[in-house]
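Enquirer: The sequence and its predicted three-dimensional model are supplied below.
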Amino acid sequence: MQLSSIQKYLVNNKVFPYFFSLAILVFSIYFGISIGTLSIPISTIIDIFGQLFSLSKTDDIDPMVYNIVVSIRMPRVFLAMLVGFSLSIAGSAFQGLLKNPLADPFTLGVSSGASLGAVIVLFLGLSLPFIGRFTLPVLSIIFALLTLFVVLAFTRLIERKMSVETIILTGIIFSSFLGAVISLLIALSGEELRQIVVWLMGSVSMRGWVYVYMILPFTIAGVIILLLNCKELNALSFGEETAQQLGVDVAKRKIMILIGASLLTGSAVAVSGTIGFVGLVIPHITRMIWGPDHYKLLPISMINGGAFLILADLVARTIIAPQELPIGVITAIIGAPVFAFIFFRNSRKR
């Protein structure tokens, strides 16, 4: 069997892509929990998971080790996973909707809008009635949605057809403007300066279970919205006219997809800061390997994004230990050359 035949079999196999990606995710979770200043063996991790889920009970676990795993490493790993899930599946949806591999939450200005919302919360120390600790993700999501709709409205004023190129250029313009507003708030900030700057560089360090619970409902809601629109994303990939002929309510579905992707982006930015290239590179690589079918592309991109961000965070906290690098630095160092290579390779094929 030739290599191309093996590759075709693996791509067309309905189970293997999910099994392969899930296996990488499981190993990433293990390495993320195990590796650190104190190495923790897999048997201890399994025992701790057994205790947490009432599957087994043992008194042999060192209380200090248990505390490190449950209170520090597990929430960090699961937060990185959820942020990776959110950014990757949102990037896949944006790329599928706009039919452009350069589309992602950052190029469309959505991340900048979410960042501005989060910076305002940090700058003013806001805590809205009734939602309390959810003020940060809620305002980030609201600003992300507002930015997206302003970008689309401005694009429509420029060009009624709303071509992909115009949408992306408008997104970059608004992203630059919102970045300037964020810089202004940083310049005006006092005691909040360090908190805002550290947050903007992107990190899942010392967040705890509170942040996991904060992002979880938005991740679940956003993922469900996007997965329910896989069929429509497949139809839209052939163009809006073709999708309408196939019975797709294009306007309604576009709004739903944009809302779902903005929910995911806003909540991810709120809990982790700005982490670039995850929503751009991971969906692109997944599409190259497993094909453009969104029934497969969205969930596999999501799983791969979670695994990638766990490993990126692992590198960020171990490469210059005991100091830590912002996770956004690691994703940019890895993501930029990878994307440049993909872009160069695709250009050579034309």
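Expert: Ah, there it is.

Enquirer: Need the nearest residue in space to residue 336, chain neighbours excluded.
Expert: Closest residue in space to residue 336, ignoring its immediate chain neighbours: residue 277 at 6.5 Å, by C-beta to C-beta, 6 or more residues apart in numbering. All C-beta atoms are positioned from the backbone trio N, CA, C, and that covers glycine.

Enquirer: Confirm for me that the one you found is in contact with residue 330.
Expert: No. When contacts are counted by C-beta atoms under 8 Å, residue 277 is not listed as touching residue 330 (9.8 Å).

Enquirer: Am I right that residue 312 is in contact with residue 332?
Expert: No. Between residue 312 and residue 332 no contact is recorded; they are 9.9 Å apart, counting by C-beta under 8 Å.

Enquirer: out of these two, which sits in the more crowded spot?
Expert: More neighbours surround residue 312 than the other of residue 312 and residue 332, with 27 against 16 (other C-beta atoms under 10 Å).

Enquirer: in stretch 130-139, what counts as buried?
Expert: For stretch 130-139, a neighbour-count test (16 or more other C-beta atoms under 10 Å) marks 134, 135, 136, 137, 138, 139 as buried.

Enquirer: coming back round to it: could I get the contacting residues of the residue nearest to residue 336?
Expert: Residues counted as contacts of residue 277 (C-beta atoms under 8 Å, 6 or more residues apart in numbering) are 331, 332, 334, 335, 336, 338, 339.

Enquirer: Compare the residues you listed and tell me which is most surrounded.
Expert: residue 331 (27 neighbours).

Enquirer: distance of that residue from residue 24?
Expert: From residue 331 across to residue 24, the span is 17 Å (C-beta to C-beta, to the nearest Å).

Enquirer: what's the pLDDT at the residue minimising distance to the centre of the chain?
Expert: Centroid-nearest residue in the chain, with C-alpha atoms, centre = their mean: residue 87, separated by 1.6 Å. Note for residue 87: predicted pLDDT of 95.

Enquirer: Please identify which helix or strand holds it.
Expert: Taking DSSP states H and E as the definition, residue 87 sits inside helix 74-98.

Enquirer: okay, the angle between whatever helix or strand comes next after that helix and helix 74-98?
Expert: Downstream of helix 74-98, the first helix or strand assigned by DSSP H and E is helix 110-124. Between the axes of helix 110-124 and helix 74-98, defined by axes from the mean of the first three to the mean of the last three C-alpha atoms, to 10 degrees, the angle is 140 degrees.

Enquirer: by contact count, what packs against helix 110-124?
Expert: Contact analysis of helix 110-124 by 3 or more C-beta pairs under 8 Å, 6 or more residues apart in numbering; DSSP states H and E lists helix 135-158, helix 164-188, helix 193-200, helix 250-272 as its packing neighbours.

Enquirer: Pull the distance from the longest one to the chain's centre.
Expert: Put simply, helix 164-188 sits 20 Å off its chain's centre (C-alpha atoms, centre = their mean, to the nearest Å).

Enquirer: Mind giving me the packing neighbours of it?
Expert: Counting contacts by 3+ C-beta pairs under 8 Å, 6+ apart, the secondary-structure elements packed against helix 164-188 are helix 74-98, helix 110-124, helix 135-158, helix 193-200.
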